[in-house]
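[1] Below is the structure, and that's it, no one-letter string:
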């Protein structure tokens, strides 16, 4: 199992109340987290693309963020988690160009994650006339298979679809080196996992909450990918899942950090904006929030495998549970409401005590898939 980091520009109100430059500090600190993750042996860093999601995510122009990191890092793969390729949000050709440009700037370390937006608040900002959020699926499905053609055809053959069109054009730059970046899809429901697999796409499992969720995820994905008809140059057989993680020298210190992290606000915002996710019973209606997480709740979250938290040995065992469940990649959503030095401590401790005992392969999984692709540029 490989390891990643997930950042999204989280700027909660309680941070802005004490720091007038909280937004700037959050974004700059998150670049430092990725730089440290690169040094600590993490293989992937994912940056969100969200719009209009106050407090929850202020990382809207993630291609700029990732372009900076392409120069500031050496080994870590940099991923869009996500780029939104829906024509009303980002023209597909512009998305293809951004992906290829980032592939060059990172010298082949870019990962193309795509998706359809966080929920109704974000989607309706760009498409105010729609009444059914499933309409975005139709646009995405019409578009996704065109990207490899834009990258691999010397002159893109053009496209005439229901939602966008383009005459034949030469699209530059082409991706760096062989083939094209690994392609991923941000999936939530069992049907979307199976759909991604059939298209040969890796899955960004942002909706996977705990280890027990892996059973249905893998059943839907690993079965369907056996019969994949890949839209790209190769099959990216990959399931990435995310979990909040806090590692400290002692269990008590990790729990103390978690208690002060504002996890209740983060969870409340998640289910407010991601209104297409299944909502747990008892979830309050925003702006009401879950109560503050005390020591008892933190210990319960650890026990229920909803939170990675503890000393290095405990975190190692918690990560092994994800590995045993079949996750191909575990990404940590650690830039939450904790101090910067505590986030960096988690990254360093995981890099020193956890990653070497689980991920001994020096080569990225997606690199192996990409290198195994047949020559397809025409």
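    Arrived safely, thanks for sending. No experiment lies behind these values; they were computed from the predicted model shown.

[2] Check the gap between the closest residue to residue 353 other than its chain neighbours and residue 188 for me.
    Nearest-residue entry for residue 353: residue 312, 3.7 Å, with adjacent residues in sequence omitted and distances by C-beta to C-beta, 6 or more residues apart in numbering. The C-beta positions use only the backbone N, C-alpha and C, and glycine is treated the same way. Applying C-beta to C-beta, to the nearest Å, one obtains 32 Å for the distance of residue 312 from residue 188.

[3] Repeat that for residue 197.
    Using C-beta to C-beta, residue 197 is found at 14 Å from residue 188.

[4] in terms of contact, does residue 115 touch residue 192 like I think?
    No - if you go by C-beta atoms under 8 Å, residue 115 and residue 192 don't touch, sitting 9.7 Å apart.

[5] that older thread, so between residue 197 and residue 188, which is more surrounded?
    In this view residue 197 and residue 188 are compared by other C-beta atoms under 10 Å, and residue 197 has more residues nearby, 27 against 19.

[6] Check which helix or strand the more buried one maps to.
    Assessed by DSSP states H and E, residue 197 sits inside helix 190-198.

[7] Does anything pack onto the helix or strand where residue 351 lies? Which helices or strands?
    Remark: residue 351 resides in helix 340-353, with elements defined by DSSP H and E. Using 3 or more C-beta pairs under 8 Å, 6 or more residues apart in numbering; DSSP states H and E as the contact criterion, the elements in contact with helix 340-353 are helix 22-39, strand 245-247, helix 312-325.

[8] What residues sit buried inside it?
    Buried residues in helix 340-353, counted by 16 or more other C-beta atoms under 10 Å: 342, 343, 344, 345, 346, 347, 349, 350, 351.

[9] Check stretch 94-112 too.
    By neighbour count, and taking 16+ other C-beta under 10 Å as the criterion, the buried residues in stretch 94-112 are 95-103, 105-106, 108-112.

[10] tell me the centre residue of the chain?
    The C-alpha lying nearest the average C-alpha coordinate of the chain belongs to residue 81 (C-alpha atoms, centre = their mean; 3.7 Å).

[11] Need phi/psi at it.
    Taking degrees, to the nearest 10, you get phi -120, psi 50 for the backbone angles of residue 81.

[12] Just the element for the closest residue in space to it that isn't next to it in sequence, please.
    In space, and not counting its chain neighbours, residue 81 is closest to residue 46: 3.3 Å by C-beta to C-beta, 6+ apart. Using DSSP H and E, the secondary-structure element containing residue 46 is strand 44-47.
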